[in-house]
Structures are given as C-alpha cells and as structure tokens.
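>>> Prediction below, plus the sequence it came from.
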Amino acid sequence: MKTYFRELSVLVTLAILLVILAIFAPHFYEWQPLLSRLTAQVPALILALGVGIVMISRQIDISVGSQFGLCAVLAGTVAANGYGLPTALAAAVSAGTLMGALNGWLIAGMKLPSIVVTLATMVTWAEVLRLFQQGKFVNLPAGIQWFGLSQLGGQIFLISFGCVTVVVGAHFLKTRSLGRYIYAVGSDAEAARLSGIHSGWVTFSVFILMGVLAGLAAVLNLVQSPQVDPKCGVGLELRAIAAGVVGGIAVNGGRGTLWGVFVGLLLLSTINPALTFLHVEAYWEKAIQGLVILLAVVADGFRVRHHSR
Amino acid sequence: MKRSQFLTSLLAVPAALLFPSCNKTDSAGRKLTIAFMPKGKGNSYFIACEKGAREAVSELGVELLFDGPTNTDPAKQNEIVENWTTLGVDVIAVACENTEGISGALKKAQQKGIKVVTYDSDTTQDARSFFVNQATPQGIGEALMDEAARLCAEEGEFAIITATLTAANMNEWRKFIGSRLASKYPKMKLVDTKPCDDQKDKAQSEATNLISANPNLKCIMAICSPAVPGAAEAIKQAGKAGAVKLLGLGLPSENRAYLKEGVTQSVILWRVADLGYLAIQVANAVANKSLNPGDKTFKAGRLGELEIEGSSIILGKPFLFTKDNVDQFDF
C-alpha cells in the first residue's frame, strides 16, 4: 500500500476529476468520442513508458519526440510507396533502434550527459526531418488506417495493445534481471557496478529500448488517420516526461513504476478534454497542466526531505 | 567584394555592347537580380509561393536568388538579408517572420540602394517600399465568417480551432470573424475557441472534444492549415460528416480526400502561387521604377490590374476550394 502511495494518489485525483465530469458534463462518457480519445493516447503511452524506464535508470531522453516524428514520416513514406504496413513497421522500428543506439553509445560509451546528447539529437532529427520532408503531409494509401480493420476494431485493438504493454512492461521491470538492474543503476550506479552489474550496458539497452518504442509508437499513431503530419512528434517528449513525473517516477532515478506512468498520462490527458467539457477557457489548459506537474515535483521534494530526516 | 564587383562590371561591359537595347537589363547591361526569401523553406505553403515566383522570373527574364531559413527562424532571415546586402542584389522580396526584428537589416539594405518589398507578412513601413498582401485580415475574417454562415444557414453554434492563442495574424482574423458575427449573423453563436499548437493530431483531439461537449455544434472553423484535416478526421470518426460542417484555411492538397468524401465543405485560401508571382512582379517593377510610391493601381502580368491601398498591393479576394474545383490545384 505504502509503496504505491503516489500511483494511488494520482488515481484518486483522476477519479475526482471523472466524478466532476460525470456530474457536470455527462456527455464526456459518450462511448464513441471516449474511444477516440483513448485511442489517440496510445502512442503517447508507449512513448511515456519508454521515457519512464529511461528516467528510472537516472537518464533522460528529450529526443523521443523527434525520433517519433522521423519514424512516423519514414513509415508513412514506406507505406505510401505500397510496401505495406509490416514493412513500414520494420522500417520505423529499425530507424528507432538506430537512433536509440546512437544516444546510448554517446551516453553509455562516451560518458556524455544524456540531457546534452539527447538535446543535440532532438534538434538534429527534427532538422533532418524538415530537410527531408519540407513540412509536407504524407498521404497514406487505403487499407493502412486501422490496420485495414473497421474503425471500432482498430480502436479496440490499439487500446488493448496499450494496456497489455503496460502490464508486460511493469512485469518485466519487476521480475526480470535487466529490469532490476535498471532500478539498481538508477539508484546508485557505483553500488550497482560494485555488485557486478555492467551499468554501461544497462544504460545502452535502455536507450535502444526507447528507440524501439519510439518507432512502434509512431506506427500506432500512423494507423489512426490517412495522413502523417511531419510535426506529429513536436512536444511529445515533454508530455512523456510529464506523465512520468506526475506518476511518481523520481527525476533522479531508481524509483517509480510503469503503472505510475500510466495513471500520470491518463490524468494529464483527461485535463484537456475536461476543460472543453466544463467550458473553461482554453487559456487555462497549459497553466493547469503545469500546476499538476509542479504539485508532483513538490510532493517528491517533501518525500525526499522526509526520508533524509 | 570590391574585386568581384569590379569583375562583374568588366563582364558587363561587353554584354552592354552586345545587347544595348535589351530592356531586361539595367544600364550596365546586367540582368536584374531579385533575392526572394520565404519564412521557411520546409513549408508547402512557401514551396507553392516559390513556384509562382519562378514563373514570374522566367516571364520577366530576371535573375532569381532563392534562400531562406530551413525552419522559421527570424535570426537566420536577418543573416540572409545581410549576405544579400553584401552581395549587392537589386531587390529583396521577403516574407517576414518577425515584423520588428528584420527591419534593421532591411533598412541597411535600403541604405546601400537595394529596393525592398515584402510579401505574405510585412515588416515596419519604413523598411520597405511595398507590401504584397495576400488578403487583408478583414478580407480573410469576413470570408471565413460568411462561408460558415452559408454552411449553417446563418443559424446555430460554431467553434474555432486556431494554431495558438497568441498567433498575431490569427488573432487579427478572429477579431474580424467576431465583428462580422456580431454585425451580420445574430442567430449564430461562437461557443469555444481552441488552440491546436499547429499540429494535426492535437486539432483532431480538440475537434473530438468540441463535437462531443457541444451537442448542438453545427460547424467547426479551422483557421490554421493542419487543423483542417485534423478536424475532418475527428468529424469522420464521430460519424458526423455533414451534420457538423467543416471549413477552414488550408492547403487543397492536404484536404482533397476529405473534401471529396463530404467531410470538409470548404477550404479558403488565396492562390498561393499567385502570391509569389505577384511578389516578383512588384519587386521587378520597383527596381525598374515603373512602380512608384503613390501609384493607385499596378498591372501585374497575368493577374491584371490590382489595387494599391497606401503602400500595400492586394492580391484579391480569398479563393474558395470545394470538392468541385480542388483537383485543379496541386499545392
């Protein structure tokens, strides 16, 4: 109970928000728009899970939005040239793996700080994409949207896929040795090293995993509409990091769960529609999201002080 | 620099002897050089602009220098203007990212005898001789509101999706949308205005929420280009095609499929290629002094006679793309 305190408090906040919506804006629960809203969050969820793992290992990756955009346009271009969705997925995941490997090599191999490395790759991939795509949308052929299923089928598949990924990911982190190494390296890299963990390889694997997830998330986004917007990744890194922070992932590593990331993202992505449904002016959206993140960070600060006493 | 100017003039002498009466060249017999800058090269809007510019260039037989920031970047624009000033081009035509920010660099160019015109978005008035205006904010705002009213039979609720709540040009349009609404369409009501951060996917989420939160919504007006296909996908997924009308300011190529499916009713835009074409025509006329301050009209090649308001040359009324004419355009 105590170990999941943060996840539960976010869940309670979310529940309060949902009750307010049920009372004042029952339209929020119409199932079709609800399904569309949830489906739209699946790519961000996959990305946020990756960023969560990166943060647990005491690193950060702010290049994920750019990776996402590049993978989306690449997969879209492959699909638009008639190679089909499996090839597009393979292309996106390969590109993500390569970009993740580059980050991982610079951070784990060259021992450079992740914030600087991923800032550089964030800008680089964004510019490469702009140069390559010139801001144009990619129009996808028929049969790509919803994997060629019906809209409802596609949405249910995507939402289930997101939920299964959370369960599998959380299980992996808790029970597999690599999962435990990630926590160990994130808590204290030196202690981890002394106990025989090769922290460099752990960090490298984490960034590779991040790249793979970015490629996967890009494809899960691509199947939701008949066009790819090359700007689709802009700002996603901040949403992913915010979801982790709100969900209780410690910014200085070693602590947090993927369940936290999951509820954190659910809360953040409910605030925006809630404002529309409660007819609050759009000016408040970013301020309220900022406030929620600030509260989460302050809560962390209190917990750290409490522990150190 | 001095040396290269000297070399150019050396080359120009025989050219002048060879073509003494060619009106496409200046007194030194050198072809007129027009430097043309978009806000960002990686933007389909400005790619269409460039197409029109190149058309005018080949029509007029002038030299074109084309450069701009890859991304929208005001500092980079200044840098390019400074390079062109050093290079000594004849005219600079620029779409300004930052009104104030670029004026210093443009004034320096003017001091060196380079003519400056702006297009798409203006700098301060003293830093250029003419501004080629695609449409006045009033023209755009009123065209949007009139078309929305037509689609809704002048009655009912509508919502706006914009890029950001701080985008100056869109706020200006929204102001005119509001005043047109107040003065002409008393039975219509603007229920909400949402920003989409200039992203299609965010626009789709916003539209999904707007449709579901406002059950009486009759129309969505998307005033930044990615918002139009984004809102269209939301309407389509909600199964409200036709029940919730959609109009917007965008590129025909990004909306063709939705227009044909009947999800999007109208897309409003000026003919972007014509904007580039007109900018080059004006730049050329300013350089060879056939267009001077105080003129009331300007004859712009295939565009015919255009009106001049103060020092703004206006391209004309916004154009309405529908499912019937969208195939005639490729930008």
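Everything's here; your move. Numbers count the residues shown, from 1 in each chain, chains lettered A, B, ... in the order given.
>>> Could you list the residues of the stretch 151-300 of chain B in contact with chain A?
With C-beta under 8 Å from any C-beta of the partner chain as the criterion, the stretch 151-300 of chain B meets chain A at residues B:165, B:192-195, B:197-201, B:204-206, B:208-213, B:215, B:226, B:229-230, B:233-234, B:237-239, B:253-254, B:257. Where you see a C-beta, it was placed from the backbone N, CA and C, and this is true even at glycine.
>>> Show me which helix or strand of the chain is least confident by mean pLDDT.
Using chain A. None of the helices or strands of chain A scores lower by mean pLDDT, DSSP states H and E than helix A:284-308, at a mean of 82.
>>> helices or strands up against it?
helix A:236-246, helix A:258-277 (3 or more C-beta pairs under 8 Å, 6 or more residues apart in numbering or on different chains; DSSP states H and E).
>>> Let's see the pLDDT reported for B:Thr166.
In this model, B:Thr166 is scored at 81, pLDDT.
>>> pretty sure it belongs to a helix, no?
No. With DSSP: H, G, I helix; E, B strand; the rest coil as the criterion, B:Thr166 is located in coil rather than a helix.
>>> How many residues are close by it?
9 (other C-beta atoms under 10 Å in any protein chain shown).
>>> and if you look at A:Val116?
Residues within reach of A:Val116, counting by other C-beta under 10 Å, total 12.
>>> so how far is A:Asn103 from it?
Distance from A:Val116 to A:Asn103, counting by C-beta to C-beta, to the nearest Å: 11 Å.
>>> same thing with B:Ala93?
Counting by C-beta to C-beta, the gap from B:Ala93 to A:Asn103 is 42 Å.
>>> B:Ser312 too?
Distance of B:Ser312 to A:Asn103, given as C-beta to C-beta: 49 Å.
>>> higher neighbour count, these two?
Taking other C-beta under 10 Å, B:Ser312 and A:Asn103 do not tie; A:Asn103 has more neighbours (30 against 15).
>>> what sits against the residue of the stretch 101-250 of chain A found nearest chain B?
Taking C-beta to the nearest C-beta, chain B has its nearest neighbour within the stretch 101-250 of chain A at A:Asp229, 3.7 Å off. By C-beta atoms under 8 Å, 6 or more residues apart in numbering or on different chains, the residues touching A:Asp229 are A:Phe137, B:Gln199, B:Lys200, B:Asp201, B:Pro226, B:Gly230.
>>> Disregarding residues adjacent in the polypeptide, which is nearest to it?
Nearest residue to A:Asp229, sequence neighbours excluded (C-beta to C-beta, 6 or more residues apart in numbering or on different chains): B:Lys200, at 3.7 Å.
>>> Next: B:Thr164.
Closest to B:Thr164 by C-beta to C-beta, 6+ apart is B:Pro195, at 4.9 Å.
>>> what's around the one you found, how many residues?
24.
>>> pLDDT score for it?
Looking at B:Pro195, its pLDDT reads 94.
>>> Quick check: beta-bridge partners of it?
B:Thr162 (DSSP bridges).
>>> Pull the contacting residues for it.
So B:Pro195 contacts A:Ala282, A:Glu285, B:Ile161, B:Thr162, B:Ala163, B:Thr164, B:Leu165, B:Glu206 (C-beta under 8 Å, 6+ apart).
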